[in-house]
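Peer 1: Mind looking at a prediction? Sequence and model below.
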Amino acid sequence: MTAKREELEAAIRRHNRLYWDVGRPEITDAEYDALVRRLKAIAPESAVLDELGPSRVGFVVTHTNPMLSLDKCYGADELRAWAEKFEGDAVVSPKVDGCASSIRYDERGRLVLAATRGDGAQGEDVTANVRRIRNVPKSLRVKHAVEVRGEVYMPLSVFERYRGEFANPRNLAAGALKLKEGDESAEYDLAFLAYDALGLAVETEADKLRFLAAHGFSVVAHEVVSPDGLEAAYERVAARRAAFDFEIDGVVFKTNRVREQRRLGSTAHHPRYAIAYKLQGDAGETSVVDVEWGVSRTGAITPVAVVAPVVLSGATVTRASLHHAGRFVALGLARGTRVEVMRRGGVIPNVERVVAPGGEPLVEPTRCPSCGGATRRDGDFLYCAAPESCTEARVAEFLHFVRILEIEGFGEKLVRQLFERGFVSDVADIFRLTAETLSGLERMGDTLAAKLIRAVEARREVGLDLFLRSIGIAELGKHVAGIVAGLGDLARVRTLTTDELASIHSIGETIAASVVSGLAAKAHLIDRLLAHVRVVAAPTREQTGPLAGKKVVFTGTLAKWKRADAQKRVRELGGETPDQVVKDLDLLVVGEGGGEKSSKQKKAEALKGAGAAISIISESEFSKLVS
Ligand code: IVH
C-alpha cells in the first residue's frame, strides 16, 4: 500500500511539473486527473495534493514580520556590553552560514508557504523546493498557524561532491533553493535547521526551540547560559566548529525571556535582543603590493595594505586593514613582504603578521596624502596637522553632516565636485549654495539643483541633539548626543566641563573628555554654522503638542495638502519627517487622493506586525490632529 502511495505521489509530482513548469506533458489531462483521484481515495491527507499547480518559485512573498539581520560584535567586551541591557539568561547557538528562510504552516498544520529572506521585507517563494528538503516537516500537529524560521544549508558532506566547482556551500545552497524545477533542487540534498518560531504563546526562546524539536524539526544546537557564562559558551561553540556538518560564521546570542526581547525591541535592521559574535574567517598568505593612506573626517591618516589577490572564505581579497600607523611601523612592511591576511566576518580583511620580509621598504608619509600639509603623530595614530583645511577630511566631515541631518542627494561624487570647484570649504558652506551654482555642475539639471537646495533649506532649523551629532565629534553618537542635548541649550552645552559630563550615569571619563575637547576643537565650525542655522532645543517625547518628537511620514497622493506643506507643519509642531518608513516611525499618513496601496504603507504594516508602535492614519485624521 505504502509503495503504491509513494509511486502515485512521485508520478503526480512529475506530471504536474511536466505540465505546468516544463510545458511538455507526457500524459493526457484525463490520465492525470485519474492519478489524482486515486491518490485522493487512498491518501486524502497527502501533501502532494496541496502542491498541485504551477510552481511558484520566484514569486515575491511579503514577510509577515520583517526578517531582520543580526547585529555583530567581534570581542568579549562588546558581548558583555550587550548582555548588560537585559535581565536573565541568553540562548547561545552557532550561526549557520546558509540561506535564512521562513516556512509557514496554516492552522491545520499544513506547510503552505516557504520563502527566502530576500531584502528582509520581501523574499522569494521557494515552497516547492523547501517541500523537498527531507528534514522539513510537511505538516505539524497544531491547532494554530505557526511560522518557522531557520537556515537552509548544504551539509558539508554533500558539498564535497561540488568542491572545486563552487566557491562555497552557501552560494550553492542559495542557487539550489531557487531552482525553478523542484525535482532538481532535491538532488542537492539541502537541509534545514530551525532557530525561531513565530506565533507561539511561550515565555522563553528555549520554549520555542523545545516546541520545534517536539514537532519534528532539526533544531540548531543551543545552550541556555547565564550572563557570566557567555564567553565560555562562545568558546565551546567555536571549539565544535569542525564537528558541525555545516559552515558557521559566528555564534548567536539571544535574550531568553520573550518579555525582555519585547522590551528591547529592534532597530530597522536588527533586533536588540540578539547579537552575532563573529568567528574569525579564513586566513591566507599573500604579498604586499603597496600601502595606501586614507584621511578620515577627524584627520586620522590610516594605512591600508594593497595585496596580491587572494581568495579567502569565498571572496577575492585585494586590500587589508592595518588599523593605524603604529601597526604599519611595527610590521615593518615593504613591497613584496609576505603577510598572513585574515577575514574577520564581513569586514575588510586584516593583516595578521609578516611571514617573510620584502624588498623596497615602505615608509610612513611625512605629508598628508590629501592636502600635502604636515602630519602629527599621537601615539599609534598619524594625523593631518591641519584637518580644518584638508580636503579629504572635509569631504568626509561633509558626508557625515549630510547623512546625520538626512539632507538627501549629496553623495560622495557631488561633494567632491563641490570641494574641487571651491563651492564649499566646509559644511557651513552648504547653506550658501544656490540652485544657480549647483546647476553648473556635471549631470545636474535645474530640477535636481532646486531639489537639493530645498533639502538644505529644510535644515535651517535643527534640534540640538542632531546638531551635536552632525558636526562629527568622536564619541558624540546618538545616545550621548541625546543625553548632552537634555542638559540645556547649545550655549550651555558649550560650557560643559569634563567633570560635569562624567558625573552623568552612562557617560564615562573618556567619552566626557572627548566630547569637551571635540566641542572646543569645532568651536569655529559651530560658530560658522550658527550664522546659517537655528539650533532649537531637541524635541523630546515628553514635550506637549500632538507631534512633538514624533516621526511622521506621508504616503500616497494627498488630496488636501501639498506634501511639502504637510511636512513643514509637522516640523513646526516639533515632529520629524524622515523620507522613508523607519522602525521607530510614529505616524504614517495615508493620502486620500486615491491610488494603490504604496510600498511605504506595506512596509509600515509589516513593521507594525512585528511590534513597532506605528499608527497609520488617514489624511483627514492628520488634518484634525494639526488644526
Ligand atoms: S537568530 C534577527 N540564530 O543569521 C534574526 N539566526 O545575520 C535572528 N542565522 O538572517 C535570528 N544561524 O538567518 C539566529 N543560530 C542562529 C542563526 C541565525 C544563522 C542567520 C539568520 C539571520 C542571519 C543574520
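Peer 2: That came through, no problem. Residues are numbered from 1 along each chain as shown.
Peer 1: Distance of the closest residue to Lys180 other than its chain neighbours relative to Leu200?
Peer 2: Of all residues not flanking Lys180 in the chain, Val57 sits nearest, at 5.3 Å (Cβ to Cβ, 6 or more residues apart in numbering). In this view, the C-beta of every residue, glycine as well, is placed from N, C-alpha and C. Between Val57 and Leu200 the distance is 28 Å, computed by Cβ to Cβ, to the nearest Å.
Peer 1: where does the stretch 501-627 of the chain dip in pLDDT?
Peer 2: The model of the stretch 501-627 of the chain has pLDDT under 70 over residues 505-506, 538-545.
Peer 1: Apply 50 and report the result again.
Peer 2: 540-542 (pLDDT under 50).
Peer 1: Can you tell me which residues in it are near the ligand?
Peer 2: Counting by Cβ under 6 Å from any ligand atom, no position of the stretch 501-627 of the chain is adjacent to the ligand.
Peer 1: got a list of what the one residue in the stretch 501-627 of the chain that gets nearest to the ligand touches?
Peer 2: The minimum distance from the stretch 501-627 of the chain to the ligand, using Cβ to the nearest ligand atom, falls at Ala610 (10.7 Å). By Cβ atoms under 8 Å, 6 or more residues apart in numbering, the contact set of Ala610 is 65-66, 266.
Peer 1: and which of these is nearest Ile430?
Peer 2: Nearest to Ile430 among the contacts of Ala610 is Ser266, at 32.7 Å by Cβ to Cβ.
Peer 1: Any idea how many residues pack against that closest one?
Peer 2: If you count neighbours by other Cβ atoms under 10 Å, Ser266 ends up with 22.
Peer 1: ok, the nearest residue to Arg327 once chain neighbours are set aside to Thr302 distance?
Peer 2: Sequence neighbours aside, Asp380 is the residue nearest to Arg327 in space, at 6.8 Å (criterion: Cβ to Cβ, 6+ apart). Using Cβ to Cβ, Asp380 is found at 11 Å from Thr302.
Peer 1: out of these two, which sits in the busier spot?
Peer 2: The residue with more neighbours, out of Asp380 and Thr302, is Thr302; 18 against 13, by other Cβ under 10 Å.
Peer 1: so which helix or strand takes in that one?
Peer 2: strand 300-312 (DSSP states H and E).
Peer 1: After that strand, which helix or strand is next? Please name it.
Peer 2: As assigned by DSSP H and E, the chain's next helix or strand after strand 300-312 is strand 315-321.
Peer 1: For that next one, enumerate the helices and strands it packs against.
Peer 2: strand 280-295, strand 300-312, strand 338-344, strand 350-356 (3 or more Cβ pairs under 8 Å, 6 or more residues apart in numbering; DSSP states H and E).
Peer 1: Check which helices and strands the longest one sits against.
Peer 2: Helices and strands in packing contact with strand 280-295 are listed as strand 300-312, strand 315-321, strand 338-344, helix 391-404; criterion 3+ Cβ pairs under 8 Å, 6+ apart.
Peer 1: Looking at the ones you listed, which is nearest to the ligand?
Peer 2: Minimum separation from the ligand across the helices and strands packed on strand 280-295 (Cβ to the nearest ligand atom) falls at strand 338-344, 14.9 Å.
Peer 1: buried sites along that closest one?
Peer 2: 338-339, 341-344 (16 or more other Cβ atoms under 10 Å).
Peer 1: re the thing from before, more neighbours: which of Val57 and Leu200?
Peer 2: Between Val57 and Leu200, counting by other Cβ under 10 Å, Val57 is the more crowded of the two (21 against 15).
Peer 1: Now name the helix or strand holding the more buried one.
Peer 2: Using DSSP H and E, no helix or strand contains Val57.
Peer 1: what secondary structure does Tyr234 sit in?
Peer 2: helix (DSSP: H, G, I helix; E, B strand; the rest coil).
Peer 1: Give me the distance between it and Phe246.
Peer 2: Distance of Tyr234 to Phe246, computed by Cβ to Cβ: 18 Å.
Peer 1: okay, those two: which has more neighbours?
Peer 2: Set Tyr234 next to Phe246 and count neighbours by other Cβ under 10 Å: Phe246 wins out with 22 against 19.
Peer 1: Lowest average pLDDT across the helices and strands packed on strand 280-295?
Peer 2: With a mean of 84, strand 338-344 has the lowest mean pLDDT of the helices and strands packed on strand 280-295.
Peer 1: isn't Ala176 right up against Asn129?
Peer 2: Yes. Between Ala176 and Asn129 there is a contact at 7.4 Å, judged by Cβ atoms under 8 Å.
Peer 1: Tyr162: what's it in contact with?
Peer 2: Shown in contact with Tyr162 (Cβ under 8 Å, 6+ apart): Leu172.
Peer 1: what's the distance between it and the ligand?
Peer 2: Using Cβ to the nearest ligand atom, to the nearest Å, Tyr162 is found at 21 Å from the ligand.
Peer 1: Likewise for Ala214?
Peer 2: Counting by Cβ to the nearest ligand atom, the separation of Ala214 from the ligand is 19 Å.
Peer 1: Equivalent analysis for Ser157, please.
Peer 2: Ser157 sits 19 Å away from the ligand, going by Cβ to the nearest ligand atom.
Peer 1: I'd guessed that residue sits against Asp245; true?
Peer 2: Yes. Ser157 lies in contact with Asp245 (Cβ under 8 Å); the separation is 5.7 Å.
Peer 1: Flag every residue of the stretch 201-350 of the chain that's near the ligand.
Peer 2: 220, 252, 254, 270-271, 274, 276.
Peer 1: Farthest-apart pair in the residues you listed, please.
Peer 2: Spanning the widest gap among those are Val220 and His270, at 18.1 Å by Cβ to Cβ.
Peer 1: Have a look at the two and say which one is more surrounded.
Peer 2: Ranked by neighbour count (other Cβ under 10 Å), Val220 and His270 place Val220 first, with 21 against 17.
Peer 1: Surely the more buried one and Pro94 touch.
Peer 2: Yes. Contact criterion Cβ under 8 Å: Val220 and Pro94 qualify, at 6.6 Å.
Peer 1: check contacts around the closest residue to Arg110 other than its chain neighbours.
Peer 2: Nearest residue to Arg110, sequence neighbours excluded (Cβ to Cβ, 6+ apart): Ser139, at 5.3 Å. Contacts for Ser139 (Cβ under 8 Å, 6+ apart) come out as 45, 47, 105, 109-111.
Peer 1: Buried ones among the residues you listed?
Peer 2: 105, 109-111.
Peer 1: just the strands in the stretch 151-300 of the chain please.
Peer 2: With DSSP state E, counting those that start in this stretch, the ranges of strands along the stretch 151-300 of the chain come out as 191-198, 223-225, 248-255, 274-278, 280-295, 300-312.
Peer 1: Distance to Gly518 added to those, as CSV?
Peer 2: Shown next, in CSV, are the strands of the stretch 151-300 of the chain (distance: least, Cβ to Cβ, whole Å):
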stretch, distance to Gly518
strand 191-198, 41
strand 223-225, 39
strand 248-255, 33
strand 274-278, 28
strand 280-295, 18
strand 300-312, 14
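Peer 1: Distance of Ser296 relative to Pro387?
Peer 2: In this structure, Ser296 lies at 9 Å from Pro387, with Cβ to Cβ as the measure.
Peer 1: tell me, what's touching these two both at once?
Peer 2: Applying Cβ under 8 Å, 6+ apart, one finds that Ser296 and Pro387 are jointly contacted by Ala393.
Peer 1: wait, what's in contact with the nearest residue to Ala213 once chain neighbours are set aside?
Peer 2: Distances taken as Cβ to Cβ, 6+ apart place Val219 nearest to Ala213, at 4.8 Å, with adjacent residues excluded. By Cβ under 8 Å, 6+ apart, Val219 lies in contact with 193-195, 209, 212-213.
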